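# Have a look at this prediction, sequence included:
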Amino acid sequence: MSVFTTLEFAEVDAWLKGYTIGHLTRLEGIASGIENTNYFVTTSHGEYVLTVFEKLTANELPWYLELMAHLAGRGIPCPNPVGRLDDGYLGELKGKPASLVTRLRGRSITQPTTTACAEVGELLADMHQAGKSYTKPMANPRGAAWFAGTAERVRPMLSADNAALLVEELGFAQAAFKLTDLPGGVVHVDLFRDNVLFEGERLSGVIDFYFACQDRWLYDLAITVNDWCVTEAGELDPARAQALVAAYHKVRPLTAAERAAWVAMLRAGALRFWLSRLYDLHFPRPGELTHAKDPTHFERIVRHHRAQPELLQGLLP
Ligand SMILES: Nc1ncnc2c1ncn2[C@@H]1O[C@H](COP(=O)(O)OP(=O)(O)OP(=O)(O)O)[C@@H](O)[C@H]1O
Ligand SMILES: N[C@@H](CCO)C(=O)O
């Protein structure tokens with residue numbers, strides 16, 4: 001469950017006086033999600049999501065909230081933060097930073113079709129385009145230094161075979177991160193199935209921007225393909241991957257340098273989540289509910305990617 005901070009109806013109703021969105025008619029805790037406390041809020045004016053931030057601080061949050069406002073203003077179907085009477089997006093509840101954003105329609109899907117994957121590819125390219133004019137810097141907190149530090153922490157927990165695989169893949173990813181000719185800008189870098197909403201086969205929303213940063217666009221595309229177009233066995237489904245990448249390419253054509261780096265980015269993107277899942281499994285935060293996701297899924301993806309570079313390269317239009 002993900003209501004870490006319990007809120008009362010009267011307290012939220014009073015808090016809403018800092019906004020001009022009417023009075024509270026319904027308050028409902030949201031069960032999914034593992035990072036923050038989320039409530040669906042219905043008022044006399046509309047439907048919203050209230051988030052109480054459990055880790056990010058009031059200094060860090062404006063970058064993400066202003067990014068969402070920027071993207072929403074350009075037609076990206078992402079949560080749009082509601083401005084407060086005092087002009088910011090950020091309030092406080094129970095001594096923690098809190099915000100209200102618009103509630104999006106739709107539900108996440110677990111079995112994506114090629115049509116759904118094409119929708120995701122187009123959306124990702126649109127986000128990259130819309131983010132070009134959002135130039136406030138934000139380095140990727142899961143960049144090269146994080147890869148190295150996390151690998152060092154988790155390596156002793158692995159079998160000899162997996163430890164050797166990790167060291168090799170780390171070296172490979174670090175070399176790929178040194179490539180300087182890849183274009184970039186705002187990236188989501190966590191555009192997994194649970195962060196996209198659909199109404200039927202039409203994409204209706206993209207959520208959870210709290211890993212977003214400035215990084216290479218190709219890396220974001222690789223991370224997205226690694227989730228949307230991979231089977232439970234960790235194998236790429238070429239039909240889904242081709243649909244996603246082709247739809248992306250139609251909006252923002254890939255450059256020659258990106259084509260050359262594609263396989264490396266897929267491998268680095270898979271390693272990123274193998275590492276974070278290993279870390280969360282072996283070093284759970286104190287007091288945290290156990291939600292660790294299965295690292296072996298990404299270990300399998302890493303192994304498959306290593307074994308079939310031609311297939312990966314052949315996914316490009
Ligand atoms: N703006 C929104 N509109 C509609 N539903 C939303 C919105 N924001 C969040 N949700 C719902 O709330 C759930 C939890 O939100 P989210 O995934 O952002 O949680 P989290 O704890 O912040 O992050 P994480 O996914 O990293 O655990 C989502 O799966 C989605 O169903
Ligand atoms: N999408 C991540 C978890 C949240 O960032 C994963 O599947 O490991």
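Happy to help now that I have it. Ligands and ions are numbered 1, 2, ... in the order given.
# mind listing the strands for this protein?
Remark: strands assigned in the chain by DSSP state E are 24-29, 37-43, 47-52, 91-93, 96-102, 184-187, 196-199, 202-206, 213-216.
# Ligand 1 contacts on the stretch 151-300 of the chain?
The stretch 151-300 of the chain comes close to ligand 1 at residues 194, 205, 207, 208, as judged by C-beta under 6 Å from any ligand atom. Where C-beta positions appear, they are placed from N, C-alpha and C, glycine not excepted.
# Kindly recompute the last result at 5 Å.
207, 208 (C-beta under 5 Å from any ligand atom).
# Any regions of the stretch 151-300 of the chain where pLDDT drops low?
286-291 (pLDDT under 70).
# thinking again about what came up before, let me have the strands of the chain in TSV, adding distance to residue 139 and mean neighbour count as columns.
Formatted as TSV, the strands of the chain follow (distance: least, C-beta to C-beta, whole Å; neighbours: other C-beta atoms under 10 Å):
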stretch	distance to residue 139	mean neighbour count
strand 24-29	34	15
strand 37-43	27	20
strand 47-52	23	22
strand 91-93	27	18
strand 96-102	21	23
strand 184-187	11	22
strand 196-199	25	20
strand 202-206	22	18
strand 213-216	6	21
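# In this structure residue 140 contacts residue 216, no?
No: counting by C-beta atoms under 8 Å, residue 140 sits too far from residue 216 to count as a contact (9.1 Å).
# what do these two both touch?
residue 187 (C-beta atoms under 8 Å, 6 or more residues apart in numbering).
# returning to that earlier point: among the strands of the chain, which comes closest to residue 67?
Residue 67 sits nearest to strand 184-187 of all these, at 6.6 Å, using C-beta to C-beta.
# quick one: strands adjacent to the closest one?
Next to strand 184-187 in the sheet, as set by DSSP bridges, lie strand 213-216 (antiparallel).
# what does the partner strand contact?
Contacts of strand 213-216 (C-beta under 8 Å, 6+ apart): 137-141, 143, 182-187, 189, 265.
# buried subset of the residues you listed?
With burial judged by 16 or more other C-beta atoms under 10 Å, the buried subset of those is 138, 140, 182, 184, 185, 186, 187, 189, 265.
# Leaving aside the residues adjacent along the chain, what's closest to the last one?
Among residues not flanking residue 265 along the chain, residue 222 sits closest, at 4.0 Å (C-beta to C-beta, 6 or more residues apart in numbering).
# got the contact list for the one you found?
262, 265, 266, 268, 269.
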